Structures are given as C-alpha cells and as structure tokens.
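Participant: with the input below, show me the fold.
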Amino acid sequence: MPELPREYPLYESDEIGRLSVKVASLNNELDEAEAEIERLTNVIETLEIELSEAKALVKAKESASISTYEATAYTARCEGCSGITKTGYDVRNTIYYEGKRVIAVDPSVIPLYSTVKVTATGGDSFEAVAIDIGGAIKGNRIDVLYATKEEARKFGRQEIEVEIINEGKR
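Facilitator: Below you'll find the model as predicted:
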C-alpha cells in the first residue's frame, strides 16, 4: 500500500473531527426535535380529550330534556289557595323564588326545586323554579304563578316548551 503524505492523517483527523462535531450537532437537533414532537403529541392528546368532552356536552345539551307542556296560570290568592307553596314558600307577595318565576308541576315529571326554561307562545321565555304542585297538574302540565287574576286570565292556557336546566331532588 502506498504511503500517504504526512499531512494526510492530519487532514483525515481534522475531517473526522469536523464530521464528529456535525454528527453531535445533528444528534442534538434530533433530540430537540424528538422532544418537541413528544410535547406536541401531548398537546394533541389533551386537545383531543377536550374536544371529545366538548362534543359530549353539546350532545347532552342537544338531547336535553326539552318537551312540550300545556301551561295554565294561577295566583296565590285564588279560592282555596293559601299562598304557601308545597315546599313551604310564601308567594302571597311575590311570584319569584331566588329571582326566578314560580311554577307548579307534577313532581313525578319535573322534580321539585328544578330550574327550568319556559318558552311560551310567541317566543317569550323565562327561567322558573318548580316549588309548587297542583291537584290538576298531572303529566306534562305546568302552572305559572301570576300576581293577579287578570294576568293569569290573560296568560290563559297555551302550549309551551320546557327545558330542564337543573333537575331538583325527587
């Protein structure tokens, strides 16, 4: 084998050194890229979980308990009425309970203390709390408390939609 010039081993050694530095640098970049891929994979997994939970919430909301009910109206000062709800709340001077309208329900359909959204004919809606019952309120019927007999008569009898927002205790 021919003998290499004396400087060649130095050249070879320098080249190997430069290549070693380059390989080390590339390995470093590769490690950083792999770490970034792992971080982004974790972010994607977290986002997929959050998306799945959000979809479940939307699906639950879409299938929420929205039903058609027949609604009538009543007052606390009707014949035979005491002005005290089934739950013991005095409505002789108010039609509200904790800032929401008072309704009477069939507790086997809408549990007492449930919060509902009532959408009446014409699109008017309000939130109400089921804290009363009535002898004639059976099945998908509710009775909306009004301050006066005139307001109750004006409301009359109508078909409404009821969405249970927060179910009370049965």
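
Participant: now stretch 13-22: mean pLDDT?
Facilitator: Mean pLDDT, stretch 13-22: 82.

Participant: nope, stretch 134-141 is what I was after
Facilitator: On average, stretch 134-141 scores 91.

Participant: export only the CA atoms of it, formatted as PDB.
Facilitator: Taking Å, rounded to 0.1, in the frame of the first residue of the first chain, the C-alpha atoms of stretch 134-141 are listed here in PDB:
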ATOM      1  CA  GLY A 134    -101.400  21.500  42.000                       C
ATOM      2  CA  GLY A 135    -104.200  19.000  42.100                       C
ATOM      3  CA  ALA A 136    -104.900  19.400  38.300                       C
ATOM      4  CA  ILE A 137    -101.200  19.500  37.400                       C
ATOM      5  CA  LYS A 138    -100.500  16.000  36.100                       C
ATOM      6  CA  GLY A 139     -98.100  14.800  33.400                       C
ATOM      7  CA  ASN A 140     -96.700  17.400  31.000                       C
ATOM      8  CA  ARG A 141     -98.600  20.300  32.600                       C
END
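
Participant: other residues contacting it?
Facilitator: 67-72, 74, 104-106, 109, 143, 162 (C-beta atoms under 8 Å, 6 or more residues apart in numbering). Any C-beta I mention is one placed from the backbone N, CA and C, and that applies to glycine too.

Participant: look up how far residue 162 lies from the residue positioned nearest the centre of the chain.
Facilitator: Taking C-alpha atoms, centre = their mean, the centroid of the chain lies closest to residue 57, which sits 5.7 Å from it. From residue 57 across to residue 162, the span is 21 Å (C-beta to C-beta, to the nearest Å).

Participant: again, but for residue 67
Facilitator: 6 Å.

Participant: between those two, tell me which one has more neighbours.
Facilitator: residue 162 (24 against 13; other C-beta atoms under 10 Å).

Participant: ok, that one touching residue 66?
Facilitator: Yes: assessed by C-beta atoms under 8 Å, residue 162 is found in contact with residue 66 at 7.2 Å.

Participant: quick one, domains of the chain?
Facilitator: 1-63, 66-166 (automatic domain parsing).

Participant: residue contacts, the residue lying closest to residue 125 once chain neighbours are set aside?
Facilitator: The shortest distance from residue 125 to any non-neighbouring residue, by C-beta to C-beta, 6 or more residues apart in numbering, is to residue 119 (4.2 Å). Residue 119 sits next to 125, 160-163 when contact means C-beta under 8 Å, 6+ apart.
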